[in-house]
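Trainee: Quick one, structure for this:
(one chain, ligands or ions: 2)
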Amino acid sequence: MKILVTGGAGFIGSNFVYYMLEKHPDYDIVCIDALTYAGNLSTLKTALENPKFKFVKGSIADRELVFELFENEKFDIVVNFAAESHVDRSIENPEIFLKTNILGTQVLMDACRKYGIQRYHQVSTDEVYGDLPLDRPDLFFTEETPIHTSSPYSASKASADLLVMAYHRTFGLPVTISRCSNNYGPYHFPEKLIPLMIANALNDKPLPVYGKGENVRDWLYVEDHCSAIDLIIHNGRVGEVYNIGGHNEMANIDVVKLVLKELGKSEELITYVTDRAGHDRRYAIDPTKIHSELGWLPATKFADGIKKTVQWYLDNKSWWEEIISGEYQNYYEKMYSNR
Ligand code: NAD
Ligand code: TYD
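Mentor: Ligands and ions are numbered 1, 2, ... in the order given. Coordinates of the predicted model:
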């Protein structure tokens, strides 16, 4: 079996590469990644020592390169993680989100049609469903929830999902889509909530909480996302969408306080800043379908996962310190200095 993993130098993609190399040592894994600001080849250092793994630098939107890769490699399965993934950046500059997340997906599917594959899997997000009210804890996103997006990021992901379904219906492409809730764990880029709060707390910098910190996210340990995708690409039904989540909703402020507690740092570091424009209030996944059809259940409880994650950031300071000392400084200054 030969699998193309796109965006494998990013957070979830790299965790998926390591998960698959360990779980299926006989598989060949090829990763294509453009190494944008969010991609980091050092994350794949150990994988690069494995003869079953190969890395190709390039964009999924580069049709010539992608077609050449498909022609040479003859993939069985394609798992598309490659994306611009940060909501705040999509508010600043939507265009690259449309190019990578929509047009890049189209190029990959065109290559799948031309060269033939057993499965194209699109890694989507629960954000395509929009948000839920804070005062209705009885409501959850199911696969039937209408698409109703809020940010340029979620609109681009939803557009890609629609295109994936269109390629299935019109061209018979064997596709699946997964829509997962917020992930956390190793190699999470320190512009996202949990790693940003860990890094700032360790540097005794203010912890910028948007609005009142009341917004709710449904957190899943990244390895559980990887195990779900592994099940879907092998046993999931073609043409289907699977929601992935572990019923772990938390208000942002509670997550931030927990991180501070784990690090033994003061809550005085918390700073409330101007809210995100169009800020989604609550995400909450109903994972009944993937559980009942594929037997998937998350293995890591949040209390354990957050401990492991904090420890990983303590043990791997050079990984994130290198990131926040570079170009990221300019981003941070631009996004947070006037909030
Ligand atoms: P990330 O930003 O950490 O990584 C994205 C990777 O894609 C990077 O390595 C980047 O270099 C690469 N990339 C960007 N543009 C590319 C292009 N044109 N061609 C090839 N590679 C390109 O993102 P992530 O958090 O790992 O998310 C991965 C996927 O999972 C995304 O599709 C995202 O929408 C989805 N997702 C993320 C979460 C989450 O909580 N992070 C939750 C649900 C779904
Ligand atoms: P984020 O990690 O950007 O993921 P998403 O917006 O895709 O869910 O943000 C998670 C939540 O944390 C979201 O409600 C916004 C909030 N947040 C802050 O309060 N402060 C921050 O500095 C960041 C990056 C996010």
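
Trainee: what's the helix or strand for the closest residue to residue 53 other than its chain neighbours?
Mentor: Here the nearest residue to residue 53 in space, its sequence neighbours aside, is residue 47; by Cβ to Cβ, 6 or more residues apart in numbering that works out to 4.6 Å. The C-beta positions use only the backbone N, C-alpha and C, and glycine is treated the same way. In this assignment (DSSP states H and E), residue 47 forms part of helix 45-48.

Trainee: How far away from the center of its chain is the following helix or strand past that helix?
Mentor: Of the helices and strands lying after helix 45-48 in sequence (DSSP H and E), the nearest is strand 53-57. In terms of Cα atoms, centre = their mean, to the nearest Å, the centre of strand 53-57 is set 20 Å apart from its chain centre.

Trainee: Tell me the buried residues in strand 53-57?
Mentor: Using 16 or more other Cβ atoms under 10 Å as the test for burial, strand 53-57 gives 53, 54, 55, 56.

Trainee: Could you export the residues you listed as CSV, including distance to ligand 2?
Mentor: Compiled in CSV, the buried residues of strand 53-57 are given as follows (distance: Cβ to the nearest ligand atom, whole Å):
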residue, distance to ligand 2
53, 28
54, 30
55, 26
56, 28
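
Trainee: and which of these is nearest residue 306?
Mentor: residue 53 (29.2 Å; Cβ to Cβ).

Trainee: tell me the contacts of the closest one?
Mentor: Shown in contact with residue 53 (Cβ atoms under 8 Å, 6 or more residues apart in numbering): 17, 21, 28, 29, 30, 31, 44, 47.

Trainee: Same question for residue 230.
Mentor: Taking Cβ under 8 Å, 6+ apart, one finds 19, 20, 23 in contact with residue 230.

Trainee: Keep only those that also lie close to ligand 2.
Mentor: Among the contacts of residue 230, no residue lies close to ligand 2 (Cβ under 6 Å from any ligand atom).

Trainee: How about the contacts made by the closest residue in space to residue 2 that isn't next to it in sequence?
Mentor: Computed as Cβ to Cβ, 6+ apart, the closest residue to residue 2 that is not its neighbour in sequence is residue 28, at 4.4 Å. Shown in contact with residue 28 (Cβ under 8 Å, 6+ apart): 1, 2, 3, 52, 53, 54.

Trainee: what number of residues lie near the first one?
Mentor: Spelled out, that is residue 1. By other Cβ atoms under 10 Å, 14 other residues sit near residue 1.

Trainee: Could you check how far it is from ligand 2?
Mentor: Applying Cβ to the nearest ligand atom, to the nearest Å, the value for residue 1 to ligand 2 is 32 Å.

Trainee: pLDDT value on that residue, please?
Mentor: Note for residue 1: predicted pLDDT of 98.

Trainee: Quick one: mean pLDDT for stretch 71-81?
Mentor: Stretch 71-81 comes out at a mean pLDDT of 98.

Trainee: ok, residues contacting it?
Mentor: Under Cβ under 8 Å, 6+ apart, the answer for stretch 71-81 is 1-8, 10, 12-13, 16, 30, 60, 104-105, 108, 112, 115, 117-123, 229, 233.

Trainee: Check which helix or strand the closest residue to residue 265 other than its chain neighbours maps to.
Mentor: Nearest non-adjacent residue to residue 265, counting by Cβ to Cβ, 6+ apart: residue 201, 4.6 Å away. Per DSSP H and E: residue 201 is located in helix 193-202.
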